[in-house]
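Engineer: Need coordinates for the following:
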Amino acid sequence: MTVWKASTALFGAVALAVMTGGGASAAPAAPGGWQESGTSHVNSLTGSQGLASRADGSLLYRGLGSIPLDLRVKGWGHIGDPDIAKGHTFDAYQGGDDARSKMFAVTAPDGKRHLYEHRLDAGEKLNNSFAAVSPDDQWLVSGEWGDQNRLQVFPAPLLNPSTPPAGGALPQAGQITLDKPVRDIQGCDFVSDTRLVCASNDASKELWPEDRPVLQVDLERKLDGKPVTGRVASLFAVPQRSICSGSFETEGIDYDAARRTLRVEVVPPAPCLVTTAVYAYRPTTG
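Structural biologist: The predicted structure is shown next:
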């Protein structure tokens with residue numbers, strides 16, 4: 001959810017400092033079955049809001065600078081953490097404070113973009129923080145901001161035959177009810193049919209002992225469009241390393257199943273926020 005402004009000159013100077021001055025410590029072992037395996041950096045203007053792995057192992061990044069002009073003109077001023085399924089790119093968009101709907105843009109392998117708009121249901125927040133497609137390519141999970149006891153589920157546009165073939169209305173399906181509350185979820189991704197990992201920007205330590213934790217959500221069964229329960233556990237806190245002091249912000253998360261690599265984005269404090277750190281993890285077992 002970061003909004004920032006920076007000159008090109010400042011970006012170059014700070015990016016060099018971040019990549020050469022703040023990451024000399026050895027990578028620690030993370031609890032929850034994950035071992036930190038590397039760090040990379042990306043321009044925050046085009047990469048701080050989220051990331052997704054392609055079939056060939058390359059990464060797609062999204063930032064506020066990634067929003068196409070025609071969508072920005074229509075009022076879609078925020079883009080969330082994306083996902084890729086069967087070569088289709090799923091982007092989560094939200095409007096301003098008076099928005100009455102949220103939108104998912106799906107770009108097909110042929111480059112054509114289709115817009116699916118969801119009118120807010122009673123009690124639903126306007127936030128559209130991320131898009132996460134289930135491993136069977138049939139369901140799209142998203143989430144709201146603040147304190148939540150649920151994740152939202154929609155039929156996956158284009159891939160689920162119940163959705164219009166060229167864009168249109170997107171009703172909500174059976175949601176995921178969480179057994180413990182979560183706060184400020186920035187992104188989620190599937191590790192298996194019944195497990196998600198989610199990046200939280202919660203620094204309060206009121207809900208979880210970690211500062212800005214990566215959470216695990218275990219579903220009672222794979223998604224089928226009906227209500228399902230998810231069991232939440234904390235895995236580890238994201239790193240907060242920078243030559244700049246202040247408040248960090250957790251952003252997107254991605255799991256590359258083919259290469260068994262988990263990645264989490266962290267935006268450092270100003271003025272270092274012009275460069276986003278991407279921390280990679282490998283499973284320690286299995």
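Engineer: ranges for the helices of this protein?
Structural biologist: For the chain, the helices defined by DSSP state H cover 8-21, 44-47, 69-73.
Engineer: ranking those helices by mean pLDDT, which is last?
Structural biologist: Averaged per stretch, pLDDT over the helices of the chain is lowest on helix 8-21, reaching a mean of 41.
Engineer: any idea how far residue 161 lies from residue 228?
Structural biologist: Per C-beta to C-beta, to the nearest Å, residue 161 is found 21 Å from residue 228. (Glycine included, C-beta is placed from N, CA and C.)
Engineer: With residue 148 instead?
Structural biologist: On the measure of C-beta to C-beta, residue 148 and residue 228 end up 15 Å apart.
Engineer: Just give the nearest non-adjacent residue to the residue most central in space within the chain, would you?
Structural biologist: By C-alpha atoms, centre = their mean, the chain has its centre lying nearest to residue 187, at 2.5 Å. Sequence neighbours aside, residue 81 is the residue nearest to residue 187 in space, at 3.3 Å (criterion: C-beta to C-beta, 6 or more residues apart in numbering).
Engineer: What is the burial count for the one you found?
Structural biologist: Residue crowding around residue 81 was assessed by other C-beta atoms under 10 Å; the count is 30.
Engineer: Tell me the spacing between it and residue 246.
Structural biologist: 23 Å.
Engineer: same thing with residue 38?
Structural biologist: From residue 38 over to residue 246 the distance is 25 Å, taken as C-beta to C-beta.
Engineer: Ok, residue 183 next?
Structural biologist: 20 Å.
Engineer: Comparing those two, which residue is more hemmed in?
Structural biologist: Using other C-beta under 10 Å as the criterion, residue 183 and residue 246 rank with residue 183 on top: 17 against 12.
Engineer: pretty sure that one contacts residue 204?
Structural biologist: Yes. Between residue 183 and residue 204 there is a contact at 7.1 Å, judged by C-beta atoms under 8 Å.
Engineer: which residues do these two both contact?
Structural biologist: Residues touching both residue 183 and residue 204 (C-beta atoms under 8 Å, 6 or more residues apart in numbering): none.
Engineer: buried sites along stretch 220-238?
Structural biologist: 223, 228, 230, 232, 234, 235, 236, 237, 238 (16 or more other C-beta atoms under 10 Å).
Engineer: Closest one of the residues you listed to residue 64?
Structural biologist: residue 238 (20.6 Å; C-beta to C-beta).
Engineer: The closest residue to residue 180 other than its chain neighbours and residue 217, how far apart?
Structural biologist: What sits nearest to residue 180 in space, not counting adjacent residues and going by C-beta to C-beta, 6+ apart, is residue 232, at 4.5 Å. Distance, residue 232 to residue 217, using C-beta to C-beta: 5 Å.
Engineer: For these two, list the residues in contact with both.
Structural biologist: residue 178.
Engineer: Count residues in the vicinity of residue 276, would you?
Structural biologist: Residues near residue 276, counting by other C-beta under 10 Å: 28.
Engineer: same thing with residue 47?
Structural biologist: Residues near residue 47, counting by other C-beta under 10 Å, number 25.
Engineer: next one: residue 193
Structural biologist: 12.
Engineer: so what's it up against?
Structural biologist: Listed by C-beta under 8 Å, 6+ apart, the contact set of residue 193 reads 134, 135, 136, 219, 222, 223.
Engineer: Tell me which of those fall in strands.
Structural biologist: Secondary structure from DSSP state E places residue 219 of the contacts of residue 193 in strands.
Engineer: From the contacts of residue 193, pick the one nearest residue 173.
Structural biologist: Closest to residue 173 out of the contacts of residue 193 is residue 223 (8.2 Å), distances taken as C-beta to C-beta.
Engineer: where does the nearest residue to residue 182 once chain neighbours are set aside land on pLDDT?
Structural biologist: Closest residue in space to residue 182, ignoring its immediate chain neighbours: residue 148 at 5.6 Å, by C-beta to C-beta, 6+ apart. Predicted confidence (pLDDT) for residue 148: 97.
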